[in-house]
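> Need the 3D shape of this:
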Amino acid sequence: MLRLINNPEPYDHAAATQRHNLHIATLLPLPPTPSPEYAPLTPAFACGWLKLPLELKTLILHHTLVSSTGIQTYHEHAYINDTLEATRYITLAAVLRKHLAMGDGIARLAREVYYTHNVFIVKTTSVGLRYRICLPPHSLRSMIRRLEIKIYLSHGNWAVLQRLAVGAYGFSGARYVTVHVRWPESPNPAYFGLTPESRATWEGVVFGCAGQVVFEEVQEDKRAWVERYLAGKGTGMGDVEEWIRGVVKFAGDEEGGDGIANQVIST
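I've put the predicted structure just below:
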């Protein structure tokens with residue numbers, strides 16, 4: 001049997017609409033906080049800046065423009081099996097844009113410091129032979145000096161690394177490359193193409209600049225299943241690391257003339 005419940009208060013459409021709009025508003029992101037305003041540059045500042053030696057100018061700009069965690073704020077050019085799938089354009093960091101508006105002298109030096117001393121991070125993902133690589137626009141790649149590429153041990157990612165080493169992606173100005181090897185997130189063979197039997201098909205990679213290979217640090221739970229998976233393939237994490245370091249080669253020396261640690265930025 002149905003029982004009718006009397007509502008002593010009439011339905012208030014306006015109040016309900018207001019509550020609905022308030023609920024929607026709480027789901028919207030907050031507006032971005034405006035960047036702090038800087039005092040206008042004065043002739044006294046310009047005169048003082050011009051008197052500074054190049055080394056001190058570079059140190060000042062290095063402090064404000066170089067990130068300790070690397071640059072990966074650019075939007076991405078996404079490739080699937082070498083086919084351009086989607087393209088978005090780079091958004092320069094606000095701090096760099098401010099320096100570019102400070103006159104030709106500061107702008108030129110700021111641009112060189114930004115692209116010479118920051119590490120630009122390139123990430124890849126893959127499923128089996130398919131891969132996706134996120135790259136900055138072509139017009140900026142030749143300006144980048146330090147590059148870090150993060151790969152998985154899959155055939156698709158290895159193909160990306162080989163193409164990067166021979167200059168296929170346009171990083172012609174790279175002086176130091178860090179190859180950051182990530183262990184897969186699951187034991188799915190599609191993500192983990194490395195097996196002792198397949199080593200013969202993994203050709204070596206040679207970079208024409210200085211560099212290094214690093215492996216990600218993994219938590220104990222992930223390390224456990226990675227070790228179990230590799231043990232089933234007749235190998236182990238230490239063996240894999242030693243093998244990868246042996247087939248990825250670099251030319252030059254970061255501390256010498258071919259590296260960029262001691263590079264002098266010209267005015």
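
> remind me which residues of the chain are low pLDDT?
Scanning the chain with the threshold set as pLDDT under 70 gives 1-41, 73-92, 125-131, 189-191, 252-267.

> residue boundaries of the strands in it?
Secondary structure of the chain, counting by DSSP state E: strands at 77-80, 83-87, 119-127, 130-135, 146-152, 176-182, 205-207, 210-215, 248-250.

> a markdown table for these, including mean neighbour count?
C-betas here are computed from N, CA, C, even on glycine. As requested, the strands of the chain are arranged in a markdown table below (neighbours: other Cβ atoms under 10 Å):
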| stretch | mean neighbour count |
| --- | --- |
| strand 77-80 | 17 |
| strand 83-87 | 10 |
| strand 119-127 | 20 |
| strand 130-135 | 19 |
| strand 146-152 | 22 |
| strand 176-182 | 20 |
| strand 205-207 | 18 |
| strand 210-215 | 17 |
| strand 248-250 | 18 |
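
> Ok, which of those comes nearest Pro53?
Among the strands of the chain, the nearest to Pro53 by Cβ to Cβ is strand 146-152 (24.3 Å).

> And the helices in the stretch 1-150 of the chain, which stretches?
13-27, 43-51, 54-65, 94-100, 104-117, 138-141 (DSSP state H, counting those that start in this stretch).

> counting contacts, what elements does the fourth one pack onto?
Using 3 or more Cβ pairs under 8 Å, 6 or more residues apart in numbering; DSSP states H and E as the contact criterion, the secondary-structure elements in contact with helix 94-100 are helix 54-65, helix 104-117.

> Pick the most buried one from the helices of the stretch 1-150 of the chain.
helix 104-117 (a mean of 18; mean count of other Cβ atoms under 10 Å).

> got the CA positions of that one in PDB?
Written as PDB, here are the backbone C-alpha positions of helix 104-117 (Å, rounded to 0.1, in the frame of the first residue of the first chain):
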ATOM      1  CA  ASP A 104      67.600  42.000 -26.600                       C
ATOM      2  CA  GLY A 105      70.700  41.600 -24.400                       C
ATOM      3  CA  ILE A 106      69.000  39.800 -21.500                       C
ATOM      4  CA  ALA A 107      66.600  38.000 -23.800                       C
ATOM      5  CA  ARG A 108      69.500  36.400 -25.800                       C
ATOM      6  CA  LEU A 109      71.400  35.300 -22.800                       C
ATOM      7  CA  ALA A 110      68.300  34.100 -21.000                       C
ATOM      8  CA  ARG A 111      67.300  31.900 -24.000                       C
ATOM      9  CA  GLU A 112      70.800  30.400 -24.100                       C
ATOM     10  CA  VAL A 113      70.900  29.700 -20.400                       C
ATOM     11  CA  TYR A 114      67.400  28.200 -20.500                       C
ATOM     12  CA  TYR A 115      68.000  25.800 -23.400                       C
ATOM     13  CA  THR A 116      71.700  25.100 -22.600                       C
ATOM     14  CA  HIS A 117      71.500  24.200 -18.900                       C
END
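
> ok, and what's touching that helix?
49-50, 57-58, 61-62, 65-66, 96, 99-102, 140, 143-146, 260, 263, 265, 267 (Cβ atoms under 8 Å, 6 or more residues apart in numbering).

> about what we covered before: how about the helices of the stretch 1-150 of the chain, which one is nearest Glu203?
Glu203 sits nearest to helix 138-141 of all the helices of the stretch 1-150 of the chain, at 23.8 Å, using Cβ to Cβ.

> quick revisit: turn the helices and strands packed on helix 94-100 into JSON lines, columns for distance to Gly232.
JSON lines is the format used below for the helices and strands packed on helix 94-100 (distance: least, Cβ to Cβ, whole Å):
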{"stretch": "helix 54-65", "distance to Gly232": "48"}
{"stretch": "helix 104-117", "distance to Gly232": "44"}
